[in-house]
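1. Make a model of this:
(chains A, B, C and D)
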Number of protein chains: 4
Amino acid sequence: MAGNSFGTLFKLTTFGESHGTAIGGVIDGCPAGIELDLERVQEELDKRRPGQSAIVTQRKEPDMVEFLSGIFEGKSTGTPIGFIIRNSNQKSKDYSHIKDTYRPSHADYTYDEKYGVRDYRGGGRSSARETACRVVGGAIAKQVIPQIAFTTYTASVGKISLEKGPEELDFSLIESNPVRCPDPASAEKMEAYIREIRAEGDTVGGTVQCVIKDVPKGLGEPVFDKLHAQLGKAMLSINAVKGFEFGSGFEGTRMKGSEHNDKFNPDGSTTTNLSGGVQGGISNGMDIYFRVAFKPVATIMQKQNTINSKGEEVEMQGKGRHDPCVVPRAVPIVEAMAALVIADFFLLNKISKI
Amino acid sequence: MAGNSFGTLFKLTTFGESHGTAIGGVIDGCPAGIELDLERVQEELDKRRPGQSAIVTQRKEPDMVEFLSGIFEGKSTGTPIGFIIRNSNQKSKDYSHIKDTYRPSHADYTYDEKYGVRDYRGGGRSSARETACRVVGGAIAKQVIPQIAFTTYTASVGKISLEKGPEELDFSLIESNPVRCPDPASAEKMEAYIREIRAEGDTVGGTVQCVIKDVPKGLGEPVFDKLHAQLGKAMLSINAVKGFEFGSGFEGTRMKGSEHNDKFNPDGSTTTNLSGGVQGGISNGMDIYFRVAFKPVATIMQKQNTINSKGEEVEMQGKGRHDPCVVPRAVPIVEAMAALVIADFFLLNKISKI
Amino acid sequence: MAGNSFGTLFKLTTFGESHGTAIGGVIDGCPAGIELDLERVQEELDKRRPGQSAIVTQRKEPDMVEFLSGIFEGKSTGTPIGFIIRNSNQKSKDYSHIKDTYRPSHADYTYDEKYGVRDYRGGGRSSARETACRVVGGAIAKQVIPQIAFTTYTASVGKISLEKGPEELDFSLIESNPVRCPDPASAEKMEAYIREIRAEGDTVGGTVQCVIKDVPKGLGEPVFDKLHAQLGKAMLSINAVKGFEFGSGFEGTRMKGSEHNDKFNPDGSTTTNLSGGVQGGISNGMDIYFRVAFKPVATIMQKQNTINSKGEEVEMQGKGRHDPCVVPRAVPIVEAMAALVIADFFLLNKISKI
Amino acid sequence: MAGNSFGTLFKLTTFGESHGTAIGGVIDGCPAGIELDLERVQEELDKRRPGQSAIVTQRKEPDMVEFLSGIFEGKSTGTPIGFIIRNSNQKSKDYSHIKDTYRPSHADYTYDEKYGVRDYRGGGRSSARETACRVVGGAIAKQVIPQIAFTTYTASVGKISLEKGPEELDFSLIESNPVRCPDPASAEKMEAYIREIRAEGDTVGGTVQCVIKDVPKGLGEPVFDKLHAQLGKAMLSINAVKGFEFGSGFEGTRMKGSEHNDKFNPDGSTTTNLSGGVQGGISNGMDIYFRVAFKPVATIMQKQNTINSKGEEVEMQGKGRHDPCVVPRAVPIVEAMAALVIADFFLLNKISKI
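-> From the prediction side, this is the model:
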C-alpha cells in the first residue's frame, strides 16, 4: 500500500509534486452535516505560506485551496472532499541545475534508488510543499471536533529554548511574533538568531510543542494504534522531523516510579500530568502535550561538495529562496497532523462500546 | 478499526489478556517457502521471559509458543501463521484487590472509561504480557529478511547512560550481563542501581538503542508511511514508551545545516550518518539507528494513595513480582517491532518499480 | 495484504489448515459490553458440522470452539476475541495418496503455482473446513445486532428449485429437514435427489437464499463499499460459490424500468422490493434478500483421470467421506458471512453524520 | 472507513459529484517507470462518454481528464497520480425539480436517510458520472499489465441474448456497432429494441460479459480476497448492477460434479473451463470470464407517482437526456474495474513466495 493516505475513518490522501500542475488531496470519511468554514481553512493555510514574514522563505506562493466536492450549501455531505492547490509559481528552471545532482541530506538519492526515476524539480514529491495538503486536511478535521482546543508553538530554535512550561505561557502571544513563540523575550532571541544564521547562508533546527485541551476520555485504539503512537507517526511523517516525545518524554526515563506516577483526584483527573494525557494508549481527559524535533533545513546557501547520479564529485550551492529555520512554518503543520489524529480517534471511539 | 493489527503486507494481529486462557496472534502475509527455525523463535521469547535474571520480575511464566498453522514440513506455506502462548500461571487472586481500584499511571482508569468494562486481572489487555506475541511475530519477520542484522541494547538506566556510540561497542557483550548493555563498566553500574531501586520498592526508567545494519536501499513508503514514521509508531506502541528519536534526534535540532548534512561518498554512502540511515522516509543503505524512551514501571512496592471506581480515596501497595526496571526485558521487544517494520517495507519495496 | 481478514471495523481474521493442529480466528472490533451467549455460537457451529445428517459427509468432527480472550464475566471487553477449534480427527493418511496429485477443479494446482509449496493434507488452507471459523465470527456478529433477523435456506438442489418466494414460506420449517428447505414438498424431492446422486458416487450443486429483516436504513458505504457489493464479495469468498444476485438479480435485466422501479409509500417503504432492500448501495429499510450459487462438490467417488505435479497422467478416486451436495451445510456459512457484513456496516454507519 | 477507495496495493480513490466543480481521483501504488500513454486513457474515457451514439444519452459532456501529478517525462514516478475531470456542463437548473423529491429506485431516499443532507443536483455522488474516474483508473491499470488482454461486450439487452460463447465470436466487431455486441445480427436486434424502448419513454436492462486472457497463474489472495470475490465486489459496486457470475455461474448449480470438473492436460491447462480461470480463488492460467447483470435505468420519461421529503405523494417525469439502456456505456466501466482488480492482484502476487 503506497503511503499517501493517513487515517482510518477520517482519512486524508494527498498527491502532487512541488512543481507539477497542482498538489491536492481527498478527505474521505468526514461525517455529513458539518457546517464548514472554508475561510478558516484558507487562514490556516496562510500560516504555512512562504513569504509571510522576514525570517521565512521569500518565495511567492499564494497557496489558494480550491474545494471540488463533498461540500454542498456550506455543509459536508458525507462524500469525499476533494481539493487542489495550483502550483502557480513553478520556476522549474531554478532547479534544472540539480537534475543529476544529489543534494546532501535530501531525498534525491533515495527516491532515485527506490523508484529509478525522480521528478527533480524542487524535490518533487519529497518537497515539504506536500504539507500544504495536510494543513487543509487538518483544518477540516478541527471543524469536526470544535470542542477540542489545539495550541502549537515554537519551543526552541537551535540552542535557544523556551524555558517556561505550557501553564506559564500566554498562548494569545503566539502569533504576535514571526517565530510563533508565546514568550516575547525568547521569541526575540530566536528571531535574532535566525537572522544571524541566514546571514551565514546556513540553517538551524528547533522544536515545536503542541498542547491539546478538552480531549474526551477514551480516545486511542490499543494495542498498536495507541493514541500517542499514532500521534508520533503523524509527526515523524512531517519533513525534517527527527524525534517525538510526549508527557515526561526522554526526561521521564531518568525518574523513579514514585516520582513519575500521576496521583488521582477523586474525579479521575490527576494532580500531575507526566502521562501527557494518555495512559495505556488511551486519553484520560488531561491535556495531551508533546514535542517534535526538527533538524536544520538541508538546503544551505553555502558551497557543498556532493555527487551526481554518475557518482562523480560535484560542487553545488543552494539557489532560490529557502527557510533558514523551518520551525515557524512547521507550527501549523504539526497542529494539522494532530487534528487529523484526534478527529480519527474521536470517530473510532464512537463504536468502542454498545 | 480496532488497533490489534500491525503491518500492511507482513501483518501481525495479536489477542489475549494477561490472565486469560492464552495470548496469541496471527501472522498474515509471510511469503511461502521460508525455512522457519522455530527454536530460534522460542529463544527470542526466552529473552523476554520473566524470571530470567535476578533484576527482573521473578514471576514464573514458561511462555512456550505453540504454532497452529501456516507452517508445513518446516516451511512457511504462504497461509496465515497462527500461534498461542498458554497462560500457565494465572494467580488471578493476586489481582482481586485491584478489581475496583485504579492503579496510578496504569491503564485501569482509561480502559474503564473507554470500554465500560475491564478485565482487571493483572492489567488484562493493557498488560505488557501482550508483547510476548510481538516477539514471536518479530522472530518470524527476522527469518524473512536474514540478510538484515538487528542489534538492540540498553543505552541508559535512570541517570546512568552508556557514553559510547554504536561504533565503539562490542555487541557480542550485550548478553554477557542481565542489563543487556554492551559496555561492561556501564552494565555494572546499571545493575547495581536497579538492585538499589528495587530495595527501595521503587522503579526506574531508561532507554533502549537499536541499530539495523545491511538494510537495502529504498525501504519506506512516503509520504505518510516513511520508514522512520512507522518505526516510531511501532516503538511508541510498546508499553511504557514515552519517546522516539532516530539519527541525530533531538540533539540534531541544536545543530546548523552545514554541520548536520551528511556528505556523500562517490558510492552513495555518506561520510557521516546523522540521517540515521533514512532520507525523505526511505532507507539510504547506511545503518539505521534509533533510541526509545521507557518510563519507570508504574507498579511500585511502596504505599500509594489512589481512587476506586466510585471515586473514593483508597491506599494501595503493589503485590506480586514486578520489574524494578523494564528496560532489560524491553530489548527483545524493541528488536521484534523493528523487524516487523523492516520486513513489511522489504516486501512493499518489491513493487516500487517495474 | 494477504487475504485472511474480512471487515473494516468488525473484522474477522482466520487461520488454519484442515489437518493442522487447529483452525481459529480473531474477531477484532467487537464493541464492549455485549452479553455473549457462547452456547448459541456452538449451536450455529453444529449446523455446519459434518455428520449431522444422512445426506452430508459422515466425517466425525466435533468442532468445539474454545474462546481464548476478549470476553470477561460473560461480556465482550472491546479487546480482540481469539478462538480456536482443534482438529481432533486428522486422519492425514487418508490424504497421502493426493500428495503429488492435482484433484480436478480443486485448489491443489493453483496453490502449488502460487506458493510453490502446499499442505496437501485434505486441501490444507483451501479446505472448506476454514469456514467453521466464519460461522464463529458470524455468530458473534449476530449478537452485536440482535435487532436484525437473518433467515437462510436451500433454494435449489441441482434442477430441483423451490418455486415459492420468501413471503410464501414458513421459515420455522427450515430445520425440519436435513436439506434446510422451508417447503416440505421440495425438501423431500431434494433429499431424494441427493441420495440418488450419492449412490452414483457423484455430487450436485444448488443455491442458497438469504433474507435479512429489520435492517436499519443507511447501511452501506458508497461508492465502492456498497452494501450489496460487500455482501457479494462475502458470498463469493465461500468455497464453491460461482455467483451472487440480489433483489431482481439476473431476471431484472429482462425487465423495463417502468416495471422494475419500486414505488414509494408515504412512509418511505416501497410497494414492491425489486431493489432487494438496497438503493445506491445503501439499505432502505426493506428486506434484503439475495441468492448464492454453489457448484457441485469437486470430490467425487468415481474414477477420474488427472495429473500429478510432474505433469504425468494419473487415475484417482475420491476417498474418505465427502458431501454429495454442499448446500445444506453451506446455509449457516452464508448466514454467518451476511451477519459479518451487516454488523460491520452497522458500526460504520454510526459515524455517517454528526 | 468511507468507501471511496478500491484496491490494496494499486489503489484508486475517487471523489466528486455529478454537478459539482469537478470529479477526480487519486491512483496510489502505481509502480514507477511505466511509460504511460495518456491518449489511450482519454480514448477509453471516450467509450463511456455521453453523446457518442444515437442510442445513448445525448448529454454533452466532453469528459477531458487532466492529470496533475505522479507522471514525469512520460513515465510513472511511483508517487500518487492525481487527476480531475471538470464538470463543464452542469445545467443544475434541470434538476431543481427533484430537490425535495425522491425518484423511485434511485439513491435519493437512502442518501437522505444515511447522511441527512444530499447534493440533489443530478444524483450528486450517487450518479454514474463517478464511474468516469474508474475508467481513468482502469486505463492506467491496463498499462501496468500490458501482457494481459481484456475484452468486454454486451451479452444481452432485455430478453435479447447473444447465444454464442466467447470462442465463437470475433471480438474485432465489438466496436462496429453502438451496442458493443460482437455478433452483428444480435447487435442489430438489440439496437432496434433500445430505439423502441426509448420511443416508449422507457428503459431496459441487460448483461455485460468480460473475458480476460493471458492471466498469469497465481493471482488472488485466499481466503477472503479470492480473485473472483474481489472481481464480484468490483462489478457489484458499479451503478445499477444486480448480479455477478463467473465460469459456469448459476447454470453450474444444475450440473453434477462429474460433468462440472475440468480435466487437466499434462501442461496444467484444462480441457474445459467451467472454473472460469479461477480455482480456490487463484487464477490457473485459463481465461477468466464473467457476466454482470444491469437493471433497467431507473430514470424513465413516463409519469410516475412518488413522494417528496415530507412524505407527500407527488407526480414526476424524467427530464433531461438519459440512457434508455445503460449496457453499451457500461462496457468500458466493467473492463476498467476488471483491470483494477487484476493489476492489484498482479502486484500482490509478486510477494507470495520467496
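2. Flag every buried residue along the lowest-mean-pLDDT helix or strand in chain A.
-> One helix or strand of chain A scores below all others by mean pLDDT, DSSP states H and E: strand A:313-317, with a mean of 90. Under the neighbour-count criterion of 16 or more other C-beta atoms under 10 Å in any protein chain shown, strand A:313-317 has A:M316 buried. The way it works is simple: take the backbone N, C-alpha and C, and place the C-beta from them, glycine included.
3. For the following helix or strand past it, output the C-alpha coordinates as CSV.
-> Using DSSP states H and E, the helix or strand that follows strand A:313-317 towards the C-terminus is helix A:327-348. Presented in CSV, the C-alpha positions along helix A:327-348 are these (Å, rounded to 0.1, in the frame of the first residue of the first chain):
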residue,chain,number,x,y,z
VAL,A,327,10.1,25.7,12.7
PRO,A,328,7.9,28.8,12.4
ARG,A,329,6.2,27.4,9.3
ALA,A,330,6.1,23.9,10.8
VAL,A,331,3.8,25.0,13.6
PRO,A,332,0.6,24.8,11.6
ILE,A,333,1.7,21.5,10.0
VAL,A,334,2.2,19.9,13.5
GLU,A,335,-1.2,21.2,14.6
ALA,A,336,-2.9,19.9,11.4
MET,A,337,-1.5,16.4,11.8
ALA,A,338,-2.5,16.4,15.5
ALA,A,339,-6.0,17.4,14.5
LEU,A,340,-6.2,14.6,11.9
VAL,A,341,-5.2,12.0,14.5
ILE,A,342,-7.6,13.3,17.1
ALA,A,343,-10.6,13.5,14.7
ASP,A,344,-10.0,10.0,13.6
PHE,A,345,-9.8,8.6,17.1
PHE,A,346,-12.8,10.7,18.0
LEU,A,347,-14.9,8.9,15.4
LEU,A,348,-13.4,5.5,16.1
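4. Helix A:327-348 vs chain C: in contact?
-> Yes - contact of helix A:327-348 with chain C (C-beta under 8 Å from any C-beta of the partner chain) involves A:L347.
5. for that helix, packing partners?
-> Secondary-structure packing of helix A:327-348 (3 or more C-beta pairs under 8 Å, 6 or more residues apart in numbering or on different chains; DSSP states H and E): helix A:38-48, helix A:131-144, strand A:149-157, strand A:206-213, helix A:227-236, strand A:288-294.
6. I'd like the mean pLDDT over the longest one, please.
-> I take that to be helix A:131-144. Across helix A:131-144, pLDDT averages out at 98.
7. Name the residues of that helix that are buried.
-> Of the residues in helix A:131-144, A:131-144 count as buried by neighbour count, 16+ other C-beta under 10 Å.
8. Provide the backbone phi and psi angles at the nearest residue to A:Y109 once chain neighbours are set aside.
-> Spatially, and ignoring its direct neighbours in sequence, A:Y109 is nearest to A:Y102 (4.3 Å; C-beta to C-beta, 6 or more residues apart in numbering or on different chains). With angles defined as degrees, to the nearest 10, A:Y102 sits at phi -100, psi 110.
9. what is whichever residue of the stretch 251-354 of chain A sits closest to chain C paired to in the beta sheet?
-> Ranked by C-beta to the nearest C-beta, the top residue of the stretch 251-354 of chain A for proximity to chain C is A:K353, at 4.2 Å. Note on A:K353: beta-bridge partners by DSSP bridges are C:A32.
10. Just to check, it is in contact with B:G116?
-> Yes - using C-beta atoms under 8 Å, A:K353 is in contact with B:G116, at 4.8 Å.
11. thinking again about what came up before, contact partners for the residue nearest to A:Y109?
-> Applying C-beta atoms under 8 Å, 6 or more residues apart in numbering or on different chains to A:Y102 gives the contacts A:D108, A:Y109, A:D112, A:T306, A:I307, A:N308, A:S309, B:F264, B:G268.
12. Can you tell me which of these is nearest D:R49?
-> Nearest to D:R49 among those: A:D112, at 39.0 Å, using C-beta to C-beta.
13. Which helix or strand contains that closest one?
-> Per DSSP H and E: helix A:108-115 holds A:D112.
14. tell me how far that helix is from the chain's mean position?
-> Put simply, helix A:108-115 sits 23 Å off its chain's centre (C-alpha atoms, centre = their mean, to the nearest Å).
15. What are the buried residues along that helix?
-> Neighbour counts over helix A:108-115 (16+ other C-beta under 10 Å) mark A:D108, A:Y109, A:T110, A:Y111, A:D112, A:E113, A:K114, A:Y115 as buried.
16. Redo those as JSON lines? Include pLDDT and distance to B:A336.
-> Shown next, in JSON lines, are these (pLDDT from 0 to 100; distance: C-beta to C-beta, whole Å):
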{"residue": "A:D108", "pLDDT": "95", "distance to B:A336": "33"}
{"residue": "A:Y109", "pLDDT": "96", "distance to B:A336": "30"}
{"residue": "A:T110", "pLDDT": "97", "distance to B:A336": "26"}
{"residue": "A:Y111", "pLDDT": "96", "distance to B:A336": "30"}
{"residue": "A:D112", "pLDDT": "95", "distance to B:A336": "32"}
{"residue": "A:E113", "pLDDT": "96", "distance to B:A336": "27"}
{"residue": "A:K114", "pLDDT": "97", "distance to B:A336": "25"}
{"residue": "A:Y115", "pLDDT": "97", "distance to B:A336": "30"}
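17. The residue nearest to A:Y109 and C:L9, how far apart?
-> Distance of A:Y102 to C:L9, given as C-beta to C-beta, to the nearest Å: 44 Å.
18. Now for the residue located most distally from the centre of chain A: which residues touch it?
-> With C-alpha atoms, centre = their mean as the measure, chain A has its most outlying C-alpha, relative to the mean C-alpha position, at A:P266: 36.4 Å. A:P266 sits next to B:I307, B:G311, B:E312, B:E313 when contact means C-beta under 8 Å, 6+ apart.
19. For it, pull up the helix or strand it's in.
-> Going by DSSP H and E, A:P266 is not part of any helix or strand.
20. in the stretch 51-200 of chain A, what spans have low per-residue confidence?
-> Residue ranges of the stretch 51-200 of chain A with pLDDT under 70: A:89-96.
21. 50 - rerun?
-> Along the stretch 51-200 of chain A, no part satisfies pLDDT under 50.
22. Leaving out chain neighbours, which residue sits closest to the single nearest residue of it relative to chain B?
-> As assessed by C-beta to the nearest C-beta, chain B sits closest to A:A107 within the stretch 51-200 of chain A, at 2.3 Å. Leaving aside its sequence neighbours, A:A107 sits nearest to B:G280 (C-beta to C-beta, 6+ apart; 2.3 Å).
23. Kindly state the pLDDT recorded for the one you found?
-> Looking at B:G280, its pLDDT reads 97.
24. A:I197 is in contact with A:V204, isn't it?
-> Yes - between A:I197 and A:V204 there is a contact at 4.8 Å, judged by C-beta under 8 Å.
25. Between these two, which has more neighbouring residues?
-> Higher neighbour count among A:I197 and A:V204: A:V204, with 32 against 23, using other C-beta atoms under 10 Å in any protein chain shown.
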